[in-house]
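Okay, sequence plus prediction incoming.
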Amino acid sequence: MAKGEGRSKARCFAYVAAFVVFQTAIILVFALTVMRIKSPKVRFNAVHVESLGSGNTTSTSFNMRLTTQFTVKNTNFGHFKYDNSTLTILYDGMPVGDAVIPKGRAKARKTQKFTVIIDISSDRLPSSGNLGNDMNTGVLMLSSQAKLKGKVELMKVMKRKKSGEMSCTMGINIGTRAVQDLKCK
């Protein structure tokens with residue numbers, strides 16, 4: 001064995017070892033960032049009162065139509081396909097309106113925005129309640145709930161079930177027909 005062959009083999013082994021360590025680090029970073037699948041964020045961006053009708057002095061009731069900008073924010077590196085879902089508007093814990101969210105897809109690392117129109121009526125509420133007092137104060141407090149169930153697909157290989165949930169509260173000023181204090185979790 002010649003003198004230079006031992007050094008050459010050692011150098012070759014060092015290069016192979018460095019390459020393996022480098023590849024392991026790349027795979028680890030890839031697995032911890034790209035392959036980590038999170039639930040999408042579902043929110044109201046804006047809510048506008050299109051029409052508002054309230055009862056007369058003898059009966060306390062309301063009918064209104066809300067136009068909302070609904071967003072699905074997908075922070076994953078794969079797209080999120082979701083099924084049909086229902087958005088429910090609640091007054092004092094009781095449903096007063098609902099709307100269908102059509103199935104769709106939020107692209108990877110994008111926010112999908114679309115409009116949802118919701119008709120709300122106090123006809124579903126029991127007669128005993130705080131509706132009269134709330135309408136006299138001029139602000140009607142509403143909450144909303146929605147859950148989008150679907151799958152996140154990474155590189156057309158990995159598919160994971162994920163769901164995005166929304167819970168928002170808002171106040172509707174009856175006099176000005178304005179939405180105030182819109183807060184989403």
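Thanks, I have the structure now. Numbering: from 1, shown residues only.

Could you look up the SS state of the spatially most central residue of the chain?
Nearest to the mean C-alpha position of the chain, counting by CA atoms, centre = their mean, stands residue 42 at 1.0 Å. State at residue 42, reduced to three classes by DSSP: H, G, I helix; E, B strand; the rest coil: strand.

Now do the same contact list for it.
Going by CB atoms under 8 Å, 6 or more residues apart in numbering, residue 42 touches 70-73, 146-148, 164-166. The way it works is simple: take the backbone N, C-alpha and C, and place the C-beta from them, glycine included.

any idea how far it lies from residue 163?
Separation of residue 42 from residue 163 (CB to CB, to the nearest Å): 9 Å.

for stretch 131-148, which positions count as buried?
131, 134-135, 140, 142, 144, 146-148 (16 or more other CB atoms under 10 Å).

so can I have JSON lines of those showing pLDDT, distance to residue 9 and secondary structure?
Shown next, in JSON lines, are the buried residues of stretch 131-148 (pLDDT from 0 to 100; distance: CB to CB, whole Å; DSSP: H, G, I helix; E, B strand; the rest coil):
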{"residue": "131", "pLDDT": "85", "distance to residue 9": "86", "secondary structure": "helix"}
{"residue": "134", "pLDDT": "85", "distance to residue 9": "84", "secondary structure": "helix"}
{"residue": "135", "pLDDT": "85", "distance to residue 9": "88", "secondary structure": "helix"}
{"residue": "140", "pLDDT": "92", "distance to residue 9": "81", "secondary structure": "strand"}
{"residue": "142", "pLDDT": "96", "distance to residue 9": "75", "secondary structure": "strand"}
{"residue": "144", "pLDDT": "96", "distance to residue 9": "69", "secondary structure": "strand"}
{"residue": "146", "pLDDT": "96", "distance to residue 9": "64", "secondary structure": "strand"}
{"residue": "147", "pLDDT": "96", "distance to residue 9": "61", "secondary structure": "strand"}
{"residue": "148", "pLDDT": "96", "distance to residue 9": "59", "secondary structure": "strand"}
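
quick one: the helices in this structure?
3-33, 131-137 (DSSP state H).

Would you single out the least confident of these?
Sorting the helices of the chain by mean pLDDT places helix 131-137 lowest, at a mean of 85.

Domain-wise, how is the protein divided?
The chain breaks down into these domains under automatic domain parsing: 1-33, 41-184.
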